[in-house]
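Engineer: turn this into a structure:
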Amino acid sequence: MPTLNPYKNNPEYYIRAWTSNLGNINYKLHPEGWKIIDDWDGLPSDGDITWQQINALKSVGVVYTDDTGVIYPDDEKFQPDPDQINAMDLTEGEARSFLESILSNCNLSSEQMANLCQILDVEPPSDEIKARFEPAVKSIITALNSRISEGIIPIDETIPLSSAEEFFLTDPENEDPTRDDVEVVGFVLGPEDIEREDPEFEEGYDKNILCITITGSATSGEKLRGSLLNMVFFDDDQITAWSILCSQELTWEVRSELFGQISTMLPPIIETLNSTDTKIAETPTDFDISFTHTPFTITSN
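Structural biologist: A predicted model of the protein is given here:
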């Protein structure tokens, strides 16, 4: 039975194992491998480790020997007897626990993820945040684009056109003025994504963020005329904060328009979030609103 062993005088680990071709061998672990072991909740007190777990560590490139360098699961001379593999299969819970520890410490490609899940015999983890809110985000984008096109959401100060252009186009079918030169993009980040994306957030931050980007249109490769990034912070029953990064100087006219945008965007966002498992309370708590001028530009693809 392979065993995982700590060194006496440093934080490193090595794996003592036996293979048919080489007899007893010692695998070393790169620092990422030490972190995986430290974060693994299921580490047995006796240090026993299965070949499934060894091959999982090999698949993410953290196992090596001084003589051969990094070892991967398909290296022929490092293969154990089949009986050793079959006798020590992990339960699904054990496999998922080990998978979570690896994912917390390694950035994997889609191919590495697929190989790892095949070795551990588990389904790839689904992006629960994306799956949960994707329909809501699509609905919000449709609703906001419609309101912008109809002139309901004010954007003439924050997404300005050039002086040579009219603010509104005319729909030839009904002659109603429309504003069709703006694109709305949205997505949701969960707590884990937030901590990875932005180290300024405090550890243990437990909010989701609905990110809504509003940009003026441009041809490919040109700088867009104006950009807004709305970050709507929410949990299971409240919207807790709303922060806007604006590419325009925060004059009183721009600030007034940003408040107007929030007031017209808030109802469809609440309605759409309520269509998910998130149920925004009818009686809201006070939430913080902040505006920041950031002279950023976004380039169209």
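Engineer: okay, CA-based contacts and neighbour counts for the rest of this
Structural biologist: OK.
Engineer: and the residue lying closest to Val62 once chain neighbours are set aside, its phi and psi?
Structural biologist: Here the nearest residue to Val62 in space, its sequence neighbours aside, is His30; by C-alpha to C-alpha, 6 or more residues apart in numbering that works out to 5.0 Å. When quoted as degrees, to the nearest 10, the phi and psi of His30 stand at phi -70, psi 160.
Engineer: quick one: His30 from Lys58, how far?
Structural biologist: For His30, the distance to Lys58 equals 11 Å [C-alpha to C-alpha, to the nearest Å].
Engineer: again with Thr283
Structural biologist: Between Thr283 and Lys58 the distance is 53 Å, computed by C-alpha to C-alpha.
Engineer: these two: which is more packed in?
Structural biologist: Remark: of Thr283 and Lys58, Lys58 carries more neighbours, 22 against 7, as counted by other C-alpha atoms under 10 Å.
Engineer: in this structure that one contacts Asp74, no?
Structural biologist: No: at 9.2 Å, Lys58 and Asp74 do not qualify as touching, with contact defined as C-alpha atoms under 8 Å.
Engineer: what do those two both touch?
Structural biologist: Residues touching both Lys58 and Asp74 by C-alpha atoms under 8 Å, 6 or more residues apart in numbering: none at all.
Engineer: so what pLDDT did Pro268 get?
Structural biologist: Pro268 is assigned a pLDDT of 92 by the prediction.
Engineer: Provide the secondary structure category for it.
Structural biologist: For Pro268, the secondary-structure state derived from DSSP: H, G, I helix; E, B strand; the rest coil is helix.
Engineer: that one: neighbour count?
Structural biologist: Each residue near Pro268 was counted by other C-alpha under 10 Å, and the total is 15.
Engineer: okay, strands next: where are they in the stretch 101-250 of the chain?
Structural biologist: Secondary structure of the stretch 101-250 of the chain (DSSP state E, counting those that start in this stretch): strands located at 169-170, 177-178, 182-189, 208-216, 227-234, 239-246.
Engineer: just the angle for the third one relative to strand 208-216, thanks.
Structural biologist: Same thing as strand 182-189. Using axes from the mean of the first three to the mean of the last three C-alpha atoms, to 10 degrees, the inter-axis angle of strand 182-189 relative to strand 208-216 is 160 degrees.
Engineer: so what does strand 182-189 touch, helix or strand wise?
Structural biologist: Where contact means 3 or more C-alpha pairs under 8 Å, 6 or more residues apart in numbering; DSSP states H and E, strand 182-189 is packed against helix 128-149, strand 208-216.
Engineer: who's in contact with Ile25?
Structural biologist: With contacts taken as C-alpha under 8 Å, 6+ apart, Ile25 has the following neighbours: 16-19.
Engineer: now do Pro2
Structural biologist: The contact partners of Pro2, by C-alpha under 8 Å, 6+ apart, come to 15-18, 48-51.
Engineer: now it: how far from Lys130?
Structural biologist: Separation of Pro2 from Lys130 (C-alpha to C-alpha): 39 Å.
Engineer: closest to Leu99 out of the helices and strands packed on strand 182-189?
Structural biologist: Evaluated over the helices and strands packed on strand 182-189, closeness to Leu99 peaks at helix 128-149, with 16.2 Å, by C-alpha to C-alpha.
Engineer: residue ranges in the stretch 201-301 of the chain under the pLDDT threshold?
Structural biologist: Applying pLDDT under 70 to the stretch 201-301 of the chain flags residues 201-206, 217-225, 277, 296-301.
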